[in-house]
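Undergrad: Sequence and predicted structure are below.
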Amino acid sequence: MPKTTQYNDLVGKLLVAMPGMGDPRFENSVVFLCAYSDEGAMGLIVNKTVPDIKLDDVLDQLEIVPGQGSTGIGVHFGGPVEGGRGFVLHSGDYAGSAGTLAVDQSFGMTATKDILEDIAKGAGPEQSLTALGYAGWGPGQLEEELQDNAWLTVDADAAIVFDPDNASKWSRALSKLGIDPSHLSAGGGRA
């Protein structure tokens with residue numbers, strides 16, 4: 001299925017879950033869309049953490065000596081697909097390795113161990129968040145969900161994406177669209 005022109009510009013945007021999403025894993029979620037192709041889409045939830053897992057735990061499991069910059073940092077629930085696989089969403093200042101996907105000038109995503117080693121040494125990106133798992137959509141699935149009013153899209157903003165205050169990200173993303181979350185309805189319609 002060819003990529004639909006109206007969705008070509010979704011990479012690097014935030015998907016903001018509408019009330020009534022229907023899937024509790026995505027309720028009030030903010031997803032940074034990392035990739036989109038004819039095969040589907042891939043993103044990371046940026047406003048939910050995995051309970052009781054810290055970045056130091058991940059580093060320890062990978063036999064990387066934690067550094068001062070990793071202490072106490074939570075690990076995000078990136079999504080329900082491949083929950084044991086790690087991803088680092090980061091600022092565009094980190095070129096990293098061949099495993100780094102430059103999403104745009106402001107954001108990159110790396111899924112290789114070297115970025116965690118660099119973060120532990122204090123040589124990583126200026127801003128980052130580590131996630132386990134990802135949100136994935138098959139061909140045409142995301143477009144269908146957008147047409148069904150399951151998601152709103154907004155330009156990504158590093159101040160929202162990397163802010164440690166996960167609880168406010170959903171409402172702040174909606175505010176960028178000029179939407180008061182209290183005015184949203186779980187039901188939707190089409191004109």
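TA: In hand now; what should we look at?
Undergrad: So in the chain, where's the weakest helix or strand by average pLDDT?
TA: When each helix and strand of the chain is scored by mean pLDDT, DSSP states H and E, strand 100-102 comes last, with a mean of 87.
Undergrad: Walk me through which strands that one pairs with, and which way each runs.
TA: With DSSP bridges as the test, strand 100-102 is paired with strand 107-110 (antiparallel).
Undergrad: how about the CA coordinates for the strand it pairs with, as PDB?
TA: What follows is the C-alpha trace of strand 107-110 in PDB, where atoms were taken according to Å, rounded to 0.1, in the frame of the first residue of the first chain:
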ATOM      1  CA  PHE A 107      15.400  14.400  17.500                       C
ATOM      2  CA  GLY A 108      17.100  11.100  17.000                       C
ATOM      3  CA  MET A 109      16.500   7.500  18.200                       C
ATOM      4  CA  THR A 110      19.200   5.000  18.900                       C
END
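Undergrad: give me every residue that touches the residue nearest the centre of the chain.
TA: Centre of the chain computed as the mean C-alpha position; nearest residue by Cα atoms, centre = their mean is Leu44, 2.6 Å away. Residues in contact with Leu44, defined by Cβ atoms under 8 Å, 6 or more residues apart in numbering, are 31-32, 34, 76, 78-79, 87, 89, 109, 129, 131, 134-135. C-beta here means a position set from N, CA and C on the backbone, and glycine is covered the same way.
Undergrad: who wins for neighbours among these?
TA: By neighbour count, taken as other Cβ atoms under 10 Å, the most surrounded of these turns out to be Gly78 (29 neighbours).
Undergrad: Pull up the gap between that one and Asn149, please.
TA: Note on Gly78: its distance to Asn149, by Cβ to Cβ, to the nearest Å, is 24 Å.
Undergrad: Then Ala98?
TA: Ala98 sits 39 Å away from Asn149 when distances are taken as Cβ to Cβ.
Undergrad: Give me the more crowded residue out of the two.
TA: Comparing Ala98 with Asn149 by neighbour count (other Cβ under 10 Å), the higher total belongs to Asn149, at 14 against 7.
Undergrad: Which SSE is immediately downstream of whatever helix or strand Asp52 lives in?
TA: Asp52 is part of strand 49-54, with elements assigned from DSSP states H and E. Note on strand 49-54: by DSSP H and E, the next helix or strand toward the C-terminus is helix 55-61.
Undergrad: Buried residues, that next one. List them.
TA: For helix 55-61, a neighbour-count test (16 or more other Cβ atoms under 10 Å) marks Leu55, Asp56, Val58, Leu59 as buried.
Undergrad: Out of those, which is nearest to Met18?
TA: Nearest to Met18 among the buried residues of helix 55-61, counting by Cβ to Cβ, is Leu55 at 30.8 Å.
Undergrad: Now the closest one: closest residue in space that isn't a chain neighbour?
TA: In space, Leu55 comes closest to Ile73 once its chain neighbours are excluded; the distance is 4.2 Å by Cβ to Cβ, 6 or more residues apart in numbering.
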